[in-house]
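Visitor: sharing a model that was predicted from the sequence below.
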Amino acid sequence: MLKKLFGKKEEAPSEISVYAPINGKLLTLDEVPDPVFSQKMMGDGIAIEPTDGKVVSPIDGEVVQVFPTKHAIGLKAKNGAEILIHIGLETVSMEGKGFETHVSEGSEVKVGDPLVTFDLALVGEKAKSIITPVILTNGDDLGSISKKTLQTTTAGKDVVMDIPTKS
């Protein structure tokens, strides 16, 4: 409250850690069977082959976009990093069936807060793949991503990437 009164802004961190947003097997983007992600057209990052249908926030920040079809969420971290979580591949055609969002645009989130739950079996049946890319969409504005090499991820517990600001 005092910071607001006296106009002191919170210092943006010089680096943030991105936690796994979902339980599963950690993959490189090269392993994603979609050129938009595997060729990093949207940005660099990682992918996870989920073992359940619970997506949590991988960062402390703000929800900047909830896609109307509920298959993807955009977040902004305190250092300006913009993260896209895209649940499955070609899931936009499911038109939101099997997805439930737990946040809205403008929501403040902390690591581990629920974002979306989805029917993993239904996505597996209807979509091209259940693989879920986690992409830094504004990488040109930030430093080089440091990716972790884990076999499996625990949502909200395991760090999968560190993203520094540009020096």
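Guide: That came through, no problem. Numbers count the residues shown, from 1 in each chain.
Visitor: run the chain-centre distance for stretch 95-109.
Guide: Offset of stretch 95-109 from its chain centre (Cα atoms, centre = their mean, to the nearest Å): 13 Å.
Visitor: use 3 as the first number from now on
Guide: New numbering, starting at 3: the last item is stretch 97-111.
Visitor: what are the buried residues along it?
Guide: By 16 or more other Cβ atoms under 10 Å, the buried positions in stretch 97-111 come out as 100-101, 103-105, 109, 111. All C-beta atoms are positioned from the backbone trio N, CA, C, and that covers glycine.
Visitor: what lies in contact with that stretch?
Guide: Stretch 97-111 is contacted from outside by 59, 61-68, 70-73, 75, 77, 89, 93, 115-121, 124-125, 128, using Cβ atoms under 8 Å, 6 or more residues apart in numbering.
Visitor: quick one: which of those residues sit in strands?
Guide: The strands, defined by DSSP state E, take in 63-68, 75, 77, 116-120 from the contacts of stretch 97-111.
Visitor: and residue 52, how many neighbours does it have?
Guide: Close neighbours of residue 52, defined as other Cβ atoms under 10 Å, add up to 25.
Visitor: distance of it relative to residue 18?
Guide: Distance, residue 52 to residue 18, using Cβ to Cβ, to the nearest Å: 23 Å.
Visitor: isn't residue 20 right up against residue 164?
Guide: Yes - look at residue 20 against residue 164 with Cβ atoms under 8 Å: they come within range, at 7.3 Å.
Visitor: distance-wise, check residue 101 relative to residue 121.
Guide: With distances taken as Cβ to Cβ, residue 101 is found 8 Å from residue 121.
Visitor: can you list the low-confidence ranges for the chain?
Guide: Low-confidence segments of the chain, defined by pLDDT under 70: 3-12.
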